[in-house]
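K.L.:
Got a sequence here, can you build the structure:
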Amino acid sequence: MREADRREYLLDLNDPQYEAVTHSGGALLILAGAGSGKTRVITVKIAYLIDELRYTPYSILAVTFTNRAAAEMRERAAGIVPAAADAMVRTFHSFGAWLLRRNASHVGISPGFTIYDDDDVVTLLRTIYPNENRSSLGRLATKISRAKDYGLSPADDLSAVSPDPEFAERYRAYEKRLREIGNVDFGDLILLPIRLLRENPEIKARIQSRYRAVLVDEYQDSNVAQYLLLRELVGEETYLCVVGDDDQSIYRFRGAEVRNILSFPEVFPGTTVVRLEENYRSSGAILGLASDVVRNNEGRLGKTLWTRRPDGPLPRLAVLYDQNDEVEYCKNLIRSRNDTQTAILYRTNAQSRLFETEFLKAGIPYRIVGSVRFYEREEVKDALGVLKTIANPRDEVAFRRVVNKPTRGVGPATIDAIVSESHAYDGDILAAAAEGGYTASRRARDGVKTFLGAVAAARATFGSGSLSATLEAAITESGLATFHEQQDEVAGTQRRANLDELINAAAIYPATADGLVEFLETIELDASRTVDPDTDEAAKAEIPLVTLITMHNTKGLEFDRVIVTGLEDGLFPRAEGTEDDIEEERRVLYVAITRARNELFLTTCRFRRVRGMTLECTPSRFLREIPSERITLDGTSGPARGLYSSRPTGFAPQRAPAAEHGEFPPGTYVYHDEYGTGVVVSTEFTRGERVFVVRFESGRDARFLEKYARLEKVMPSE
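P.N.:
All right, here's what the predicted structure looks like:
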């Protein structure tokens, strides 16, 4: 198509983007590098399928991984072609839930099922294994979840998930109990649709006939089960397009399988591969470093990012003494230009503590992305427990959570008796509680009656108005509002505010049984509940903010200036792991680097305190993979040559050295808070730092850096 003939919404696409959008025929794999306009391409493609290729919106299925991403995709496509608003745009799990509710009887469940989160799964496991603690049951729940990510049932070979010979039986017992209750967990939202389509050819044919085009965003984050579901959805006549970046596959710990995207051209013969390599975010200098890092991975299809922007300043590496100097270094950068948006990235959440403490002291405003999520807070889960019981009276986990909260004298024996009695009522626990002949004390029966009254009051709001009235009745009549207000003055106020916000969230749903199910499903399927820089109120404040965030949480974000901290072997990458683990860690660094628009800083420490001990560190192996011409050593004006000698060229501490400790010549008696009394047996130097070797009364020898010695000179008699 000539430039003059392009539709208006195609005019601003670069050539590879245009090729991807207008492609038709066989399968299409769009390898979209960081900052290459991936979201724009997939949304324009949905519009193009409708506007130019005459697909009906009803025949298009687009899936991604968060509700926020799905809503954005739908909104942007509809902004180009209004009819695109009618396309099916959902997360994998939301689509699975939609498919199951319409075909529930074919897999032996009720269409009114509720969805169990991780905490619900552990609670259910405890009903099966009451003598085990939550910690061990949590590990079992994780293994079951991983098995489902791999598409495995209890009858399959589970050795890749757990070597425990009893795991299959425990998994089987959990599945049996879950089916008896009539609910599903997140893994079931993928596994049960696979089973539905495999075992019901007529349903499979109908679904494949309906969806003529299937598009998958963020395909590098898909797991094995999601791949298997995709295979069932795609027929011979289905147009399949997946978009992703093998270099940004960083969620293997959640079950993501990078081989899904690496093997795509082999699995779907005749696949066209389009590479989006022009980056619209970062400077050339930053992209050059990112490419040099990730090209060390063997498990990749290969691409090289480039930009039309000027190269900009070289990324800078600071070789610092310890984590205290690391914080000081970051503080100095922030103060040097406090009008610049800065993000400090780290590999583990624990690394944020010192930044938080010191930034508070220094009056530097900051925010942390990834705190305790709203729907995981106790008071919110309690309120939802009442709603889940109303939505599905067979929901044993929800019933057990809230029937005696606040305390009503309904003990475990009474609850067990009610649950057991429910088998005579087709699993309806509320009916058994109201009508059953179970044995219980008068106090326990009165407590159950009070709870049932709260359920009835909430149900009485059905029929008119919004679901917020139902929720308010549930938390008020159940006593949860008063219970959480009374925890303590501060926490009570915060908890009530959270309950009020939950009521606000329910206001857009109708006060009906269907509205309640939709509300609960939306909550359970929302996978993006961390702080969002685009919507977080703190981000909109007038004062400049520093963002503290793990490297994983930066996916999809960008900042003017990025400081990647803690680049030491053992911390990043971790000390142990397979080559696949190292390759994923390298991809994590690639993601971190490509968050930076204008400036990139990296830090590595020579010493770091770990579990109370100061350890000597080695620069990350990833730093050693960076060509010297790609990076400048802070404190110099040129490339970082000589970077890994014992004292790197141009290295200067980023703060004045600490005051000298008193010397402890050999023979000096000393006292240490952890080790007790000892005597200095020798002194030595490591990389120019004085080290004391002390032999303690226990017979143990310990080495102390002078700067961190914490030794007190004592007399022998002491």
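
K.L.:
Could you list the low-pLDDT ranges of the stretch 451-600 of the chain?
P.N.:
487-494, 526-544, 575-576 (pLDDT under 70).

K.L.:
So which residues of it form strands?
P.N.:
Defined through DSSP state E, counting those that start in this stretch, the strands belonging to the stretch 451-600 of the chain, from first to last, are 546-550, 559-564, 596-605.

K.L.:
Reformat these as JSON lines; add distance to residue 122 and mean neighbour count.
P.N.:
Every residue, glycine included, has its C-beta placed from N, CA and C. Compiled in JSON lines, the strands of the stretch 451-600 of the chain are given as follows (distance: least, Cβ to Cβ, whole Å; neighbours: other Cβ atoms under 10 Å):
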{"stretch": "strand 546-550", "distance to residue 122": "24", "mean neighbour count": "23"}
{"stretch": "strand 559-564", "distance to residue 122": "35", "mean neighbour count": "23"}
{"stretch": "strand 596-605", "distance to residue 122": "38", "mean neighbour count": "24"}
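
K.L.:
Including distance to residue 241, could the ones you listed go into a markdown table?
P.N.:
Formatted as a markdown table, the entries for the strands of the stretch 451-600 of the chain read as follows, by distance: least, Cβ to Cβ, whole Å:
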| stretch | distance to residue 241 |
| --- | --- |
| strand 546-550 | 31 |
| strand 559-564 | 30 |
| strand 596-605 | 29 |
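
K.L.:
Residue 502 is nearest to which of those?
P.N.:
Closest to residue 502 of these, according to Cβ to Cβ: strand 546-550, at 26.1 Å.

K.L.:
What strands line up against the closest one, and which way round?
P.N.:
Take DSSP bridges as the rule and strand 546-550 pairs in its sheet with strand 342-346 (parallel), strand 366-368 (parallel).

K.L.:
Just after the shortest one, pick out the following helix or strand.
P.N.:
Right, strand 366-368. Beyond strand 366-368 in the direction of the C-terminus, DSSP states H and E gives the next helix or strand as helix 378-391.

K.L.:
Show me what that following helix is in contact with.
P.N.:
Identification of contacts with helix 378-391 by Cβ atoms under 8 Å, 6 or more residues apart in numbering yields 112, 114, 119, 374-375, 395, 398-399, 401-402, 405, 429-430, 454-455, 458-459, 470-471, 474-475, 478, 480, 484, 495, 498-499, 502, 513, 516-517, 519-520, 523.

K.L.:
Out of those residues, which sit inside helices?
P.N.:
Taking DSSP state H, the ones among those that sit in helices are 119, 398-399, 401-402, 429-430, 454-455, 458-459, 470-471, 474-475, 480, 484, 495, 498-499, 502, 513, 516-517, 519-520, 523.

K.L.:
picking that back up, flag whichever of the strands paired with strand 546-550 has the least confidence on average.
P.N.:
Comparing mean pLDDT across the strands paired with strand 546-550, the weakest is strand 366-368, with a mean of 84.

K.L.:
Now residue 408: which helix or strand?
P.N.:
With elements delineated by DSSP H and E, residue 408 resides in a region that no helix or strand encompasses.

K.L.:
any idea how far it is from residue 460?
P.N.:
Distance of residue 408 to residue 460, computed by Cβ to Cβ, to the nearest Å: 20 Å.

K.L.:
Please identify which of the two sits among more neighbours.
P.N.:
More neighbours sit around residue 408 than around the other of residue 408 and residue 460, counting by other Cβ atoms under 10 Å; the figures are 19 against 13.

K.L.:
Might you report the residue contacts of that one?
P.N.:
444, 446-448, 450-451.

K.L.:
what does stretch 281-296 rub up against?
P.N.:
Contacts of stretch 281-296 from elsewhere in the structure, counted by Cβ under 8 Å, 6+ apart, are 34-35, 247, 279, 300, 302, 304-307, 309-315, 558, 586-587, 589-590, 593-594, 596-598, 600, 622, 625-627, 630-631.

K.L.:
Helices - which of the residues you listed land there?
P.N.:
Those of the contacts of stretch 281-296 mapping onto helices are 586-587, 589-590, 593, per DSSP H.

K.L.:
Residue 187: which of the residues you listed is nearest?
P.N.:
Each of those was scored against residue 187 by Cβ to Cβ, and residue 587 proved nearest at 24.8 Å.

K.L.:
wait, that closest one sits on residue 249?
P.N.:
Yes. In this structure residue 587 lies within contact range of residue 249 using Cβ atoms under 8 Å: 6.0 Å.

K.L.:
So which of those two has more stuff around it?
P.N.:
Neighbour count, other Cβ under 10 Å: between residue 587 and residue 249, residue 249 has more, with 27 against 24.

K.L.:
Show the secondary-structure elements that the host helix or strand of residue 173 is packed against.
P.N.:
Secondary structure here is read from DSSP H and E; on that basis residue 173 sits in helix 167-181. For helix 167-181, the contact count by 3 or more Cβ pairs under 8 Å, 6 or more residues apart in numbering; DSSP states H and E identifies helix 118-128, helix 134-149 as packing neighbours.

K.L.:
continuing past that helix, what's the next helix or strand?
P.N.:
strand 184-185.

K.L.:
Pull up the pairing partners for that next one, direction included.
P.N.:
In the sheet, strand 184-185 lines up against strand 115-116 (parallel) (DSSP bridges).

K.L.:
Show which residues not belonging to the partner strand make contact with it.
P.N.:
97, 124, 178, 183-186, 189, 397, 520-521, 524-525.

K.L.:
Any chance of a markdown table for these, columns distance to residue 204 and neighbour count?
P.N.:
Output for the contacts of strand 115-116, formatted as a markdown table (distance: Cβ to Cβ, whole Å; neighbours: other Cβ atoms under 10 Å):
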| residue | distance to residue 204 | neighbour count |
| --- | --- | --- |
| 97 | 18 | 24 |
| 124 | 30 | 22 |
| 178 | 24 | 23 |
| 183 | 25 | 25 |
| 184 | 20 | 23 |
| 185 | 23 | 22 |
| 186 | 23 | 22 |
| 189 | 17 | 27 |
| 397 | 32 | 24 |
| 520 | 28 | 22 |
| 521 | 24 | 20 |
| 524 | 26 | 23 |
| 525 | 23 | 21 |
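
K.L.:
now those residues in JSON lines, with distance to residue 368?
P.N.:
As requested, those are exported to JSON lines (distance: Cβ to Cβ, whole Å):
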{"residue": "97", "distance to residue 368": "31"}
{"residue": "124", "distance to residue 368": "32"}
{"residue": "178", "distance to residue 368": "35"}
{"residue": "183", "distance to residue 368": "34"}
{"residue": "184", "distance to residue 368": "33"}
{"residue": "185", "distance to residue 368": "29"}
{"residue": "186", "distance to residue 368": "26"}
{"residue": "189", "distance to residue 368": "30"}
{"residue": "397", "distance to residue 368": "31"}
{"residue": "520", "distance to residue 368": "29"}
{"residue": "521", "distance to residue 368": "29"}
{"residue": "524", "distance to residue 368": "25"}
{"residue": "525", "distance to residue 368": "25"}
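
K.L.:
mind checking how far the most centrally placed residue in the chain is from residue 210?
P.N.:
Within the chain, the residue whose C-alpha comes closest to the C-alpha centroid is residue 553; the distance, by Cα atoms, centre = their mean, is 6.8 Å. Counting by Cβ to Cβ, the gap from residue 553 to residue 210 is 37 Å.

K.L.:
before we move on, the earlier item: and of the strands of the stretch 451-600 of the chain, who's closest to residue 9?
P.N.:
strand 596-605 (25.9 Å).

K.L.:
Name the residues of the helix or strand that comes right after the closest one that are buried.
P.N.:
Using DSSP H and E, the helix or strand that follows strand 596-605 in sequence is strand 607-610. When burial is assessed from 16 or more other Cβ atoms under 10 Å, strand 607-610 yields the following buried residues: 607-608.
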